[in-house]
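Trainee: Structure for this input, please:
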Amino acid sequence: MSVTTEEVWDMFIILALLDDHQHQGTRLSVPHGNNQSDHFTAAMQAHNEKIITHGDEELPHACFGCTWLFTMPDGTTHYTEVVVTDGITVGHPSCAYLETVCAVDGCDKPVVYDKSTGKPHKACNDPLHLRMEDARSRSGKSKTQRMKSVKLNDALTASSVDDALPAAVTSSTRIVDPSLLEACPTKDEVPKLKAVFFRKWTNNEQLFICPCGVISGRGTMYHHEAISNVLILFEKMFSLPRARKPHHLIHDSNCNALREVESRQLKFFDGMGMCVDAFHHKTKHKASDRFCQERCDMKTYPELLDEHGKYYFNSSITEQTNVWFGGFHNMCHEMMPVKYDFFLDEVILRRNHATVINLHRQDKQPHHPRLST
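Mentor: This next block holds a predicted model:
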């Protein structure tokens, strides 16, 4: 007797949902009239929303692997907590454009409808934008070509419209709007039009991990792992009711993050140390960057060093965890958002359970401290 992939997925989802409801003391209820593929969608969505509003189970985690009681040079005793963050390329399909708005970047005109079929185009009534869509639909068969922005050479190959194009358009450039040719004569390049007529994938997952290996949470970056997005996600996650703001945030681009925090005067990060992890600081950041060397070096913070002057915390934990997390890339590549979020939250939950068991064995006393009121 063989078990199908669909049956394995159903078993995983059912067991995970039953385990979650047993933990909450509630009863799992699913509809009976829908398609089999939709039976658990509402239950998974409810689980996902709970994670968004309350955070992962181990969000308030603390132990002697990520928290340290230390003595300052003046003899006073303090404690410090550290969280490390990094992105990993795991994503799910997402819409590249709004169905009712032109897919050309920078154009917000409504799409037009095909007179013969009545179906909507993906471009507005601008002839140049419609030609870009036509080039995309005819260019064929290569997935690599479809995954790129529409370029003029694709249009020339597919449509053979060399004579019909404006004189300003050449085979060495992308399709150019002639009305923009004289808009800025001092610039070297003429503004280029770009369009995405196909679906895209989210850019990456941003993990926030304690140095002991417990994953505090994750967030999906839809476009770029920009510093501003990382800061927003961090603030939202550690502003949840069960969260405690750590004393230090470690990230491989924290020198840029700290510059942004100070330039924008982000109050949430007041008093927080923002260092670059030891590996990237030594190998990827310039010694001539005084700001980075003076403000983002872990060695300049006594609370991050042990009594022998070595690093107390494992600042490379995200790189190590990414090896495990990246293994789900192919599994998640075609998942829809609800199942995608549910699946990743569940595998993180179960990894955290195993990590906490190991921390108990190592006598690091993992626990959830009571929040002060």
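Trainee: Would you map the helices across the stretch 251-373 of the chain?
Mentor: 254-264, 278-283, 290-295, 317-325, 329-332, 337-361 (DSSP state H, counting those that start in this stretch).
Trainee: Mean pLDDT, distance to K50 and mean neighbour count for the ones you listed - can I get that in CSV?
Mentor: Just so you know, the C-beta spots here come from the backbone N, C-alpha and C atoms, and that holds for glycine as well. Output for the helices of the stretch 251-373 of the chain, formatted as CSV (pLDDT from 0 to 100; distance: least, Cβ to Cβ, whole Å; neighbours: other Cβ atoms under 10 Å):
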stretch, mean pLDDT, distance to K50, mean neighbour count
helix 254-264, 94, 29, 18
helix 278-283, 92, 35, 15
helix 290-295, 92, 38, 14
helix 317-325, 95, 21, 18
helix 329-332, 93, 20, 14
helix 337-361, 96, 9, 18
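Trainee: Of these, which is nearest M237?
Mentor: helix 337-361 (13.2 Å; Cβ to Cβ).
Trainee: coming back round to it: could you dump the helices of the stretch 251-373 of the chain into CSV and include distance to L240?
Mentor: Output for those, formatted as CSV (distance: least, Cβ to Cβ, whole Å):
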stretch, distance to L240
helix 254-264, 20
helix 278-283, 28
helix 290-295, 28
helix 317-325, 20
helix 329-332, 24
helix 337-361, 14
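Trainee: Nearest to A195, out of those?
Mentor: Of all those, helix 337-361 comes closest under Cβ to Cβ, at 23.8 Å.
Trainee: picking that back up, out of the helices of the stretch 251-373 of the chain, which is closest to D38?
Mentor: helix 337-361 (10.1 Å).
Trainee: Report all helices and strands that that closest one contacts.
Mentor: Here helix 337-361 touches helix 5-24, helix 41-54, strand 215-221, helix 329-332, going by 3 or more Cβ pairs under 8 Å, 6 or more residues apart in numbering; DSSP states H and E.
Trainee: angle of the longest one against helix 337-361?
Mentor: Here helix 5-24 runs at an angle of 60 degrees relative to helix 337-361 (axes from the mean of the first three to the mean of the last three Cα atoms, to 10 degrees).
Trainee: how close does the closest residue in space to I14 that isn't next to it in sequence get to M1?
Mentor: Distances taken as Cβ to Cβ, 6 or more residues apart in numbering place F40 nearest to I14, at 7.2 Å, with adjacent residues excluded. Distance of F40 to M1, given as Cβ to Cβ, to the nearest Å: 24 Å.
Trainee: and what of I250?
Mentor: Taken as Cβ to Cβ, the span from I250 to M1 is 50 Å.
Trainee: Please identify which of the two sits among more neighbours.
Mentor: I250 (30 against 2; other Cβ atoms under 10 Å).
Trainee: circling back to that earlier point, who are the contact partners of the residue nearest to I14?
Mentor: 10, 13-14, 17, 30 (Cβ atoms under 8 Å, 6 or more residues apart in numbering).
Trainee: Quick check: W324 touching N352?
Mentor: No - at 12.0 Å, W324 does not count as touching N352 under the criterion of Cβ atoms under 8 Å.
Trainee: All the strands of this structure, residue numbers only.
Mentor: 67-71, 77-88, 93-94, 200-201, 204-209, 215-221, 248-250, 273-275 (DSSP state E).
Trainee: got those strands as JSON lines, with mean pLDDT columns?
Mentor: Putting those into JSON lines (pLDDT from 0 to 100) gives the following:
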{"stretch": "strand 67-71", "mean pLDDT": "84"}
{"stretch": "strand 77-88", "mean pLDDT": "93"}
{"stretch": "strand 93-94", "mean pLDDT": "87"}
{"stretch": "strand 200-201", "mean pLDDT": "86"}
{"stretch": "strand 204-209", "mean pLDDT": "96"}
{"stretch": "strand 215-221", "mean pLDDT": "95"}
{"stretch": "strand 248-250", "mean pLDDT": "96"}
{"stretch": "strand 273-275", "mean pLDDT": "95"}
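Trainee: From H247, how far out is the nearest residue to A287 once chain neighbours are set aside?
Mentor: Once flanking residues are discounted, A287 sits nearest to Q293: 6.6 Å by Cβ to Cβ, 6+ apart. Look at Q293 and H247: by Cβ to Cβ, they are 21 Å apart.
Trainee: Just the closest of the contacts of F40 to H360, please.
Mentor: L17 (27.1 Å).
Trainee: show me what contacts the closest one?
Mentor: Per Cβ under 8 Å, 6+ apart, neighbours of L17: 28, 40, 43-44, 47.
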